[in-house]
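fold the stuff below for me.
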Amino acid sequence: MGYHRLSRGQSGKGGEYNVINTQHIIVADAVSHTRNLVADVLRSLGYYSIFHARDGNELLDLTIEYEPRIIITTSRLPGLSGLEFTRLVRDGHKNISRLLSIIVMTDTPTKAFLDAAQASGVDEMLVRPFTAQALQVRIKAVLDRPRPFIDSAVYVGPCRRRRMIADYVGPMRRFVDPTDDMPGASPWEAEPNRQAVRKCVTKLSELSSGLTAGDRRKLREIYSASKETENLADETKDAVLGAAARSLGRYIMAIGANGVPDPEVMTTHIDAMHTLGMLSSTQHQEREMLVLGLVRVVDKKLGRTKAA
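Numbering: from 1, shown residues only. Purely as a prediction, here's the structure:
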């Protein structure tokens, strides 16, 4: 329930997804030497339409202008990290196709980082230093063997189960179901983690209660608190809570620093996150429905704003 399984290059209902230009690749890194090395490897593999981005703003501008097929970026890109960029893309930021293939380069492949990359919707990871063959393998993986694309209330991105069983014909495993490497209860159900969630939600509630029109400082604090909640959700592997926090952050980003937030939207998100902190993993349908409701609330509110 609440998800769609799409193929790369396939359009969603109502033209929700843009058609991806298969000729372009963007390489993003602050270091020109790194960009040139990656571009040289790509040209040796037969890819010639390559654009270079030095920071997050340039990467976003190029992505919007050229609609590339693949982005190769770094985990520490100035202004917008590889994972932050991925989250924006999967959220449909400025109508960028959410089906865009993203490869993130990193020199710190810790388990925490790899888990966060997987949760954000990254297609492939590339650990530096890497060989031309390693890059070629990642390129072929996203072009020739793309994983099924999941579009749900709590996760948008390539299916996180790398090994797909070819003859499996049953219902697709849900994103919130335990995966092969995470059996049993979810880490977020541990009481210390629940307490941390309650602390984050309380902070959001206190900040929102005193928010007035034009209070840019407090709005930035609320956005920062929503990111803290999202980071906590990533650490504790609570995909649903992370989706709720991202929904709030998406709304704040959309109205802008000078915008007037709707108290109902703020309260709805805070109440939902409070409820998510009390429900168990056995109540995954109820938890996912809460987040789906948040997505609809924001979509409706932003639609009204655009129409006004």
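
sec struct for G46, please.
Taking DSSP: H, G, I helix; E, B strand; the rest coil as the rule, one finds G46 in the coil state.

residues contacting D123?
101-103, 141-142, 146-147, 157-158 (CB atoms under 8 Å, 6 or more residues apart in numbering). From N, CA and C alone the C-beta is placed, and that goes for glycine too.

farthest pair within those residues?
Farthest pair in the contacts of D123 (CB to CB) is A141 and G157. Separation: 14.4 Å.

and those two? which has more neighbours close in?
Counting neighbours by other CB atoms under 10 Å for A141 and for G157 shows that G157 has the greater number, 24 against 17.

name the element I26 belongs to?
strand 25-28 (DSSP states H and E).

output that strand as PDB, nothing but the C-alphas.
What follows is strand 25-28, C-alpha atoms only, in PDB (Å, rounded to 0.1, in the frame of the first residue of the first chain):
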ATOM      1  CA  ILE A  25      26.300  13.100 -17.100                       C
ATOM      2  CA  ILE A  26      27.200  15.600 -14.400                       C
ATOM      3  CA  VAL A  27      30.300  15.200 -12.300                       C
ATOM      4  CA  ALA A  28      30.300  17.200  -9.100                       C
END
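
so what touches it?
Counting contacts by CB under 8 Å, 6+ apart, the residues outside strand 25-28 that touch it are 35, 38-39, 42, 47, 49-56, 58-59, 62-63, 66, 68-74, 77, 82, 85.

low-scoring stretches of this protein, by residue?
Along the chain, the model assigns pLDDT under 70 to residues 1-22, 161-185, 257-258, 304-308.

could you list the domains of it?
3-148, 187-307 (automatic domain parsing).

so how far is the longest one from its chain's centroid?
Meaning domain 3-148. 12 Å (CA atoms, centre = their mean, to the nearest Å).

and stretch 211-226, by the same measure?
22 Å.

for it, buried residues please.
Neighbour-count burial for stretch 211-226, counted by 16 or more other CB atoms under 10 Å, picks out 211, 215, 219, 221-223, 225-226.

likewise for stretch 33-44?
35, 37-39, 41-42.

contacts for the helix or strand encompassing M125?
M125 belongs to strand 124-127 when assigned by DSSP H and E. Applying CB under 8 Å, 6+ apart, the external contacts of strand 124-127 come out as 72, 101-107, 109, 114, 117, 134-135, 138, 141-142.

and the next element down the chain from that strand?
Where DSSP H and E defines the elements, the next helix or strand beyond strand 124-127 is helix 132-144.

tell me the strands beside whatever helix or strand comes next after that next one, with direction?
Downstream of helix 132-144, the first helix or strand assigned by DSSP H and E is strand 149-152. Here strand 149-152 has these sheet partners by DSSP bridges: strand 3-6 (antiparallel), strand 156-158 (antiparallel).

got the buried residues for the helix or strand just after the last one?
From strand 156-158 onward toward the C-terminus, using DSSP H and E, the following helix or strand is helix 191-209. Within helix 191-209, the residues scored as buried using 16+ other CB under 10 Å are 193, 196-197, 200-201, 203-205, 207-208.

who does helix 191-209 touch, helix- and strand-wise?
helix 216-235, helix 263-276 (3 or more CB pairs under 8 Å, 6 or more residues apart in numbering; DSSP states H and E).

again, only this time at 10 Å
With contacts taken as 3 or more CB pairs under 10 Å, 6 or more residues apart in numbering; DSSP states H and E, helix 191-209 sits against helix 216-235, helix 239-255, helix 263-276.

tell me which of these approaches D151 most closely.
So among the helices and strands packed on helix 191-209, helix 239-255 is nearest, using CB to CB, at 12.2 Å.

which one in the chain is furthest away from the centre?
For the chain, the C-alpha farthest from the mean C-alpha position belongs to S44; by CA atoms, centre = their mean, that distance is 31.0 Å.

measure it to Y251 for me?
45 Å (CB to CB, to the nearest Å).

can you classify the most centrally placed residue in the chain as helix, strand or coil?
With distances taken as CA atoms, centre = their mean, the residue of the chain nearest its centroid is R87 (2.6 Å). Look at R87: counting by three-state DSSP, its state is helix.

who's in contact with it?
By CB atoms under 10 Å, 6 or more residues apart in numbering, R87 lies in contact with 80-81, 93, 119-122, 156-157, 230, 242, 246, 249-250.

okay, the residues you listed in JSON lines with distance to V298 next?
Putting the contacts of R87 into JSON lines (distance: CB to CB, whole Å) gives the following:
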{"residue": "L80", "distance to V298": "21"}
{"residue": "S81", "distance to V298": "23"}
{"residue": "H93", "distance to V298": "13"}
{"residue": "A119", "distance to V298": "20"}
{"residue": "S120", "distance to V298": "19"}
{"residue": "G121", "distance to V298": "18"}
{"residue": "V122", "distance to V298": "24"}
{"residue": "V156", "distance to V298": "14"}
{"residue": "G157", "distance to V298": "19"}
{"residue": "E230", "distance to V298": "15"}
{"residue": "G242", "distance to V298": "15"}
{"residue": "R246", "distance to V298": "10"}
{"residue": "G249", "distance to V298": "10"}
{"residue": "R250", "distance to V298": "6"}
